[in-house]
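Asker: Pasting the sequence and the predicted model now:
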Amino acid sequence: MFCTKCGKEIIEGAAFCSNCGAKVIAFEKPAYEVAPVVEEPVAQPVVEAPVVPAYAVAPTVEAPAVEEAPVTPAYEVAPVVEAPVVEEAPVAPAYEVPVQPVAEEPVYVPPVQPEVAQPVYTQPAAPAEPVYVPNYQQTDEVKNNGRVGFGDAINLLIKNIVNFSGKASRSEFWFGYLFIGIVSLACMVIPYIGYLLSLGTVLPTLSLSVRRIRDTGREWNYIFMGLIPIVGTILLIITFCKETDYYNDCSLSKR
């Protein structure tokens, strides 16, 4: 038994469908089922097809014989008559016009001027400035551009304590000035007498400064620039730091 609404099978005796909840309509089964009667088809009478008569063959009619037309005799060909050969008239020789010789105009070729090489002027090279190489008459240590060590600077300082006409290289001046400063500090350690001993360093300091100024190409009186406060001291320090001027008359050989 199946539900009429959703088509799902229903348990026998159920009032409602367990799937969609529709009410089950019970149908009474007939006591027996009557099989449908199938009627047999009635046999139709057989109708014979009409016999189609065969087509009659037409009798063969022979065509009448055709008589051949009489043959017309061929026309006789007339003999070929050759035309007489006409001799060509002699051709007169063509008159040749004599060619007049054309005189060619002479082509003027200007004379070629010989090329004269222009003299090349070269500016003479400027004479090189002579490089002054000082010839030191001092010890071997003052050679090599006037550079000296600390010991040689002390030796030159002692030898030239009162020498104001010579010169002193930059290394000689600063090493000598360092030695004077050390001696001055050592003298100031001794009370009273040390101040008097430090006065002995004034003369070598002054002579060393004058010789250093002359080594830079200036005159000895440039030392008075130190009397100017601050500015003069700065100018002297800059002068003391300059290299030796080999082109002035206060050369190393005039130490």
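Answerer: Okay, I see it.
Asker: tell me the mean pLDDT for the helix with the most length in the chain?
Answerer: Identified as the longest helix of the chain according to DSSP state H is helix 170-189. Helix 170-189 shows an average pLDDT of 89 in the prediction.
Asker: Give me every residue in contact with it, excluding its own residues.
Answerer: Outside of helix 170-189, the residues within contact range by Cβ atoms under 8 Å, 6 or more residues apart in numbering are 142, 146-150, 152-154, 156-157, 168, 194-195, 197-198, 201, 204-205, 208-209, 211-212, 215, 240-244. Where C-beta positions appear, they are placed from N, C-alpha and C, glycine not excepted.
Asker: Can you name every helix or strand that the helix or strand just after that helix contacts?
Answerer: Counting by DSSP states H and E, the next helix or strand C-terminal to helix 170-189 is helix 193-198. Applying 3 or more Cβ pairs under 8 Å, 6 or more residues apart in numbering; DSSP states H and E, one finds that helix 193-198 contacts helix 170-189.
Asker: How many neighbouring residues does the residue nearest to Ile190 when sequence neighbours are not counted have?
Answerer: Nearest residue to Ile190, sequence neighbours excluded (Cβ to Cβ, 6 or more residues apart in numbering): Leu197, at 7.1 Å. With neighbours defined by other Cβ atoms under 10 Å, the count for Leu197 comes to 14.
Asker: Okay, now the unreliable bits of the stretch 1-150 of the chain?
Answerer: Within the stretch 1-150 of the chain, the segments meeting pLDDT under 70 span 1, 26-81, 83-86, 88-99, 101-103, 106, 108, 114, 116-117, 119-146.
Asker: List only those of the contacts of helix 170-189 flagged as buried.
Answerer: Among those, those classed as buried by 16 or more other Cβ atoms under 10 Å are 142, 146, 148, 152-154, 156-157, 168, 198, 204-205, 208-209, 211-212, 215, 240, 244.
Asker: Sticking with Val148, tell me its helix or strand.
Answerer: Counting by DSSP H and E, Val148 is part of no helix or strand.
Asker: So which of the contacts of helix 170-189 are in helices?
Answerer: Members of these lying in helices (criterion: DSSP H): 150, 152-154, 156-157, 194-195, 197-198, 204-205, 208-209, 211-212, 215, 240.
Asker: Please enumerate the strands of this protein.
Answerer: Remark: strands of the chain are absent; assignment by DSSP state E.
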